[in-house]
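# Please find the sequence and the predicted model below.
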Amino acid sequence: MRSITLHCGAHKTGSSLLQDKLKRNSRRLLAAGIRYVPQESLEPLMALLDGRPDPEAEGQIRAYFESMIGEVNSLVVSHESLLGFAGLVAGEASQQFYAKAVSRARLLARCLDGWNIQLILYTRRQDSFLESVYLEGFREEYILGTFQAFFENVDTQQLNWFTLIREIEQAMPKGQITVRPFESISEGSRPFAEKFFKLFVKTDGMDFGGIKSHRRGLSMPAYRLLQGARIRLGGRQTLVRKVLQRAMTNRWLPSAIFLNDRQRADLLFAHRLDNQSLFQEYMPEYPPDFYS
């Protein structure tokens, strides 16, 4: 039976790093009977997922996967937006947390009927996730205001990984869902990538060397300078942005941190029971208070 591994993010959980390792090992995976579908080849699929779901679109999605798998028996697909977007940015069509995740999971389950499906999703602690989403949007200039303005427009009660994952699991009843915490990257990029690969392939002979940092976060000095440059100069300061992002990242300087101690404590307290349930049910190898 054909099988597929769908790595669907979430955003800001090391997806770019894992995609780099998948691309590096694409020939080794192919030798093991697994084809990695690189992100640039996923554009037709993402367009179909973004469109109106109907029988014709479902047929096209099935045909897409059939064309990708070819003569092998297994596919690996990795895209941090496979289940949509977090829905935290003011002005988005929906502020619901990953509003499209359940409908997309249900659609993929229908289109992959008869396949063995493994869906892999990484979570991130709510406070760190919020700050990282904001910094990414600020850096890429689809969030222009201050963190406080962004934070005031976020419904923090919706940042519930446990509920989201349960709903996705119910929408994909014949699939297997595997959940991992992004924070395990603190053990090192190499073991982080290797543990991901072990979910669908034997890692003997795989190349996890040459790990490089992807999408480094802005340091607080870089954030303040970039914010000042926008206020003074206006418009899209592409050159300024590139210089600051390369020379003043959080690799060398203190990371940008926005939530104060009270806000952070309140956010984690509000989600403490759901976070405990998340780890007890989906990641029992970690302590239930891992996100406290």
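Now that the structure is in, tell me what you want to look at.
# okay, residue 215: pLDDT?
Residue 215 is assigned 65 on the pLDDT scale.
# This structure: strands as residue ranges?
Per DSSP state E, the chain has strands spanning 3-7, 34-37, 74-78, 116-123, 176-181. These are given in chain order.
# Just send these back as TSV, with mean neighbour count, distance to residue 197 and mean pLDDT too.
In short, each C-beta sits where N, CA and C put it, glycine included. Formatted as TSV, the strands of the chain follow (neighbours: other C-beta atoms under 10 Å; distance: least, C-beta to C-beta, whole Å; pLDDT from 0 to 100):
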stretch	mean neighbour count	distance to residue 197	mean pLDDT
strand 3-7	22	10	98
strand 34-37	21	10	98
strand 74-78	22	9	98
strand 116-123	21	11	98
strand 176-181	18	12	97
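# And those: which comes nearest residue 150?
strand 116-123 (20.6 Å; C-beta to C-beta).
# Please export the C-alpha coordinates of the closest one as CSV.
What follows is strand 116-123, C-alpha atoms only, in CSV (Å, rounded to 0.1, in the frame of the first residue of the first chain):
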residue,chain,number,x,y,z
ASN,A,116,-1.3,5.1,4.8
ILE,A,117,-1.2,8.6,6.1
GLN,A,118,1.2,10.0,8.8
LEU,A,119,0.7,13.6,9.7
ILE,A,120,3.6,15.2,11.7
LEU,A,121,3.0,18.5,13.5
TYR,A,122,5.3,20.5,15.8
THR,A,123,4.0,22.7,18.5
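# roughly how far out does that strand sit from the chain middle?
11 Å (C-alpha atoms, centre = their mean, to the nearest Å).
# other SSEs contacting it?
Packing contacts for strand 116-123, counted by 3 or more C-beta pairs under 8 Å, 6 or more residues apart in numbering; DSSP states H and E, involve strand 3-7, helix 101-111, helix 161-171, strand 176-181.
# Rebuild those as JSON lines, extending it with distance to residue 78.
Output for the helices and strands packed on strand 116-123, formatted as JSON lines (distance: least, C-beta to C-beta, whole Å):
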{"stretch": "strand 3-7", "distance to residue 78": "4"}
{"stretch": "helix 101-111", "distance to residue 78": "14"}
{"stretch": "helix 161-171", "distance to residue 78": "16"}
{"stretch": "strand 176-181", "distance to residue 78": "13"}
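# Any idea which of those gets closest to residue 50?
So among those, helix 101-111 is nearest, using C-beta to C-beta, at 9.5 Å.
# buried sites along that closest one?
101, 102, 104, 105, 106, 107, 108, 109, 111 (16 or more other C-beta atoms under 10 Å).
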